[in-house]
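*Asks:* build me a structure from this.
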Amino acid sequence: MNILEASRQTGLSPDTIRFYERHRVLPRPPRRENGYRDYAEEHLATLRLVRGLRHIEMSLDDMREVARVAHDATCGDLRQALAGQLRSALEQADARIRDLEHTRGHIEELLSGLGRMGPTDERIPGTAPCGCVQLVSAQQHA
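*Replies:* The predicted structure follows:
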């Protein structure tokens, strides 16, 4: 099947499919006499797997490794590789969650400070500019 049909069957755009080929996540399909790619069911299975891995924000390198194992190894090997990559993805997700919680807390502090500002206040209560900002501000007023 050609790339448009592979795109329809996997929900990935033709550009995305080409991207995965360029980055060796998807094995290059053979070409027909007319030069068009000829995708087989195994390519579609890999694309569906990669789409699911991307949905959980697995890195391109990790997706490449899981896809390689999916093609070259046994089901048990794939489960082992996938479990390792999923543990890594979970650690990365936890780190992003911690970062987002920190950012959320900072935004809440700023909003709270803005709510406490009087009409003539020039600074948000509870915040202080760093020394660099104070130094630059002092130079502008000198």
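
*Asks:* would you tell me which helix is longest in this structure?
*Replies:* Counting by DSSP state H, the longest helix found in the chain is helix 75-116.

*Asks:* for that one, name the packing helices and strands.
*Replies:* helix 60-72 (3 or more C-beta pairs under 8 Å, 6 or more residues apart in numbering; DSSP states H and E). For the C-beta atoms, the positions are set from N, CA and C on the backbone; glycine is no exception.

*Asks:* ok and the longest helix of the chain relative to helix 60-72, angle-wise?
*Replies:* Interaxial angle, helix 75-116 versus helix 60-72 (axes from the mean of the first three to the mean of the last three C-alpha atoms, to 10 degrees): 160 degrees.

*Asks:* quick check on the closest residue in space to L26 that isn't next to it in sequence: phi, psi?
*Replies:* The shortest distance from L26 to any non-neighbouring residue, by C-beta to C-beta, 6 or more residues apart in numbering, is to Y20 (4.2 Å). With angles defined as degrees, to the nearest 10, Y20 sits at phi -60, psi -30.

*Asks:* do the same with the one 3 residues further on
*Replies:* Here is the backbone geometry of H23 (degrees, to the nearest 10): phi -100, psi 20.

*Asks:* low pLDDT regions in this structure?
*Replies:* Applying pLDDT under 70 to the chain flags residues 125-126, 128-142.

*Asks:* which residues sit in contact with the residue positioned nearest the centre of it?
*Replies:* Closest residue to the average C-alpha location of the chain: E57 at 4.2 Å, with C-alpha atoms, centre = their mean. The neighbours of E57, taking C-beta atoms under 8 Å, 6 or more residues apart in numbering as the test, are 89, 92-93.

*Asks:* now the buried members of those residues.
*Replies:* Neighbour counting by 16 or more other C-beta atoms under 10 Å classes A89 among these as buried.

*Asks:* turn the contacts of E57 into a markdown table, including distance to P27.
*Replies:* Shown next, in a markdown table, are those (distance: C-beta to C-beta, whole Å):
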| residue | distance to P27 |
| --- | --- |
| A89 | 23 |
| Q92 | 26 |
| A93 | 28 |
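
*Asks:* tell me the one of the contacts of E57 nearest T46?
*Replies:* Using C-beta to C-beta, the shortest approach to T46 within those belongs to A89, at 18.2 Å.
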